[in-house]
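> sequence and predicted structure are below.
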Amino acid sequence: MKSNGKIVLITGINGYIASVLADHLLKKGYSIRGTTRRIASTEPLLRGVHGIFHTASPINFTLTSYDVTVVPAIQGSLTLLTSALHAGPQLTSVVITSSCSAINDTPPTPTHTFTEADFAHTALARAESDFLTHTPTPPRTLYSASKTAAERSVWKFRSEQRPPFSITTINPTTVIGPPIIVPSSAEKLNETLRPLYALLSGHLTAIPATIGSGSFVDVRDVAYMHAWAYEHAPQADGQRYIACCGFGPPQAQADILRGYFRERKPEMLERIPRGEPGVGYEGWDAEKGGLSGKVEYTRDRYRFSGGKAEREMGLRYRDLAESSIDTAEAFRELL
């Protein structure tokens with residue numbers, strides 16, 4: 001691909017989302033700089049860059065302490081943004097990977113639809129209270145608190161510093177889809193890919209319950225959204241964008257994968273648990289023994305709206321079938 005003359009920095013470039021983003025940008029002609037770990041100063045790396053993608057905040061559900069989860073998340077974002085002020089006039093955009101965990105507060109109703117206007121204030125308040133009382137915080141609550149605190153610090157920075165570059169956050173739900181880098185073992189898979197791998201591994205005897213809201217998005221669509229936000233900096237400035245295609249519970253993934261492999265590789269049916277086909281989601285045709293269309297939320301579940309990205313970015317999300325099948329194909333060497 002011919003260079004377009006633009007240089008961008010991606011933090012945490014060896015991560016799942018970041019590596020897919022890097023591949024997407026390389027195909028568009030960008031030159032890439034990347035970091036793989038936290039560094040004392042990013043200013044030398046930022047000189048001459050036209051865009052920054054801050055993706056370096058991996059999911060770790062083993063941590064239970066505010067000071068090793070929330071505080072570093074805030075510091076990482078603010079250190080990068082402060083350095084960006086000295087990057088030069090060519091810098092037009094900073095795009096930050098946040099999460100729907102920064103949006104998902106306690107639903108006011110069982111069927112509430114979360115939008116970009118929502119923040120997970122309850123999780124952050126719980127984590128702050130636990131820290132003051134020396135009480136361990138549940139890992140998922142702590143992760144939500146870290147994402148919320150980091151993003152709030154970003155918007156406070158923008159309000160107070162009025163930087164000459166745009167700032168945008170992308171807030172994905174659970175991310176699936178084929179990784180660019182397939183690890184040498186399943187234990188090294190990204191946290192959000194492990195449940196789908198488990199369905200294919202032959203080690204499950206039952207379909208696990210829906211994780212969180214059950215919402216999902218394809219990693220390739222997340223990469224597209226990051227690139228779009230950079231390339232449309234004036235429009236994306238100050239905006240949050242939820243990245244969510246819709247509902248993707250494990251039972252629906254199992255139904256899709258069993259249908260896909262039935263003719264192509266029937267021995268896989270011995271690995272993928274059957275569970276209760278069609279249970280827990282809308283879109284299953286019992287007579288047909290397959291999906292009748294798009295997998296949909298059941299009426300009693302809260303959800304996230306990814307419609308803003310569709311309207312403003314012209315994005316057409318990859319559906320659950322495409323994401324699940326492409327991910328399964330990427331896992332072949334691990335099975």
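Received the coordinates, thanks.
> where do the helices of this structure begin and end?
Shown for the chain, the helices assigned by DSSP state H span residues 16-27, 43-46, 66-84, 121-132, 139-161, 194-201, 219-231, 233-236, 250-264, 307-313, 320-330.
> out of those, the one nearest Ser3 is which?
helix 16-27 (9.9 Å; Cβ to Cβ). Yep, even glycine has a C-beta here, placed from its N, CA and C like the rest.
> show me what the closest one is packed against.
In this structure, helix 16-27 makes packing contacts with strand 7-11, strand 31-34, helix 219-231, judged by 3 or more Cβ pairs under 8 Å, 6 or more residues apart in numbering; DSSP states H and E.
> could I get the helices of the chain as TSV with distance to Asp300 and mean pLDDT?
TSV is the format used below for the helices of the chain (distance: least, Cβ to Cβ, whole Å; pLDDT from 0 to 100):
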stretch	distance to Asp300	mean pLDDT
helix 16-27	30	97
helix 43-46	47	83
helix 66-84	32	90
helix 121-132	21	91
helix 139-161	21	94
helix 194-201	21	94
helix 219-231	27	99
helix 233-236	34	98
helix 250-264	15	95
helix 307-313	21	98
helix 320-330	19	97
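> pick the most buried one from the ones you listed.
Highest mean neighbour count of the helices of the chain: helix 219-231, a mean of 24 (counted as mean count of other Cβ atoms under 10 Å).
> got the contact list for it?
8, 16-17, 20-21, 23-25, 28, 51, 53, 55, 92-93, 95, 97, 166, 168, 170, 172, 175-179, 236, 239, 241, 243, 245, 309, 313, 315, 317-318 (Cβ atoms under 8 Å, 6 or more residues apart in numbering).
> now, of these, which are buried?
8, 16-17, 20-21, 24-25, 51, 53, 55, 92-93, 95, 97, 166, 168, 170, 172, 175-179, 236, 239, 241, 243, 245, 309, 313, 315, 317-318 (16 or more other Cβ atoms under 10 Å).
> ok, the residue of the chain most remote from its centre to Gly278 distance?
For the chain, the residue at maximal distance from the C-alpha centroid (Cα atoms, centre = their mean) is Glu287, at 35.1 Å. Remark: distance between Glu287 and Gly278 (Cβ to Cβ, to the nearest Å) = 11 Å.
> what do you get for Ala117?
Counting by Cβ to Cβ, the gap from Ala117 to Gly278 is 34 Å.
> these two: which has the busier surroundings?
Gly278 (18 against 7; other Cβ atoms under 10 Å).
> show me the residues around that one that make contact.
251, 255, 284-286 are the contacts of Gly278 under Cβ under 8 Å, 6+ apart.
> go with 7 Å
By Cβ atoms under 7 Å, 6 or more residues apart in numbering, the contact set of Gly278 is 255, 284, 286.
> and the closest residue to the first one other than its chain neighbours, how many neighbours?
It stands for Asp255. Once flanking residues are discounted, Asp255 sits nearest to Pro277: 5.2 Å by Cβ to Cβ, 6 or more residues apart in numbering. When neighbours are defined as other Cβ under 10 Å, Pro277 has 16 of them.
> confirm for me that Pro277 is in contact with Gly283.
No. Taking contacts as Cβ atoms under 7 Å, Pro277 lies outside contact range of Gly283: 11.4 Å.
> and Thr42, what pLDDT?
We note a pLDDT of 68 for Thr42 in this prediction.
> next, count neighbours for Gln90.
13.
> again but with Asp319, I slipped
Counted with other Cβ under 10 Å, Asp319 comes out at 18.
> okay but it is in contact with Lys294, surely?
Yes. Asp319 is within contact range of Lys294, at 5.9 Å (criterion: Cβ under 7 Å).
> beta-bridge partners for the residue sitting nearest the centre point of the chain, please?
Centroid check for the chain by Cα atoms, centre = their mean gives Pro172 as the closest residue, at 3.9 Å. Beta-bridge pairing for Pro172 (DSSP bridges): Ala243.
> residues contacting it?
Per Cβ under 7 Å, 6+ apart, neighbours of Pro172: 99-100, 217, 222, 243.
> using JSON lines, lay out the residues you listed together with distance to Thr122.
Compiled in JSON lines, those are given as follows (distance: Cβ to Cβ, whole Å):
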{"residue": "Ser99", "distance to Thr122": "15"}
{"residue": "Cys100", "distance to Thr122": "14"}
{"residue": "Val217", "distance to Thr122": "23"}
{"residue": "Val222", "distance to Thr122": "25"}
{"residue": "Ala243", "distance to Thr122": "22"}
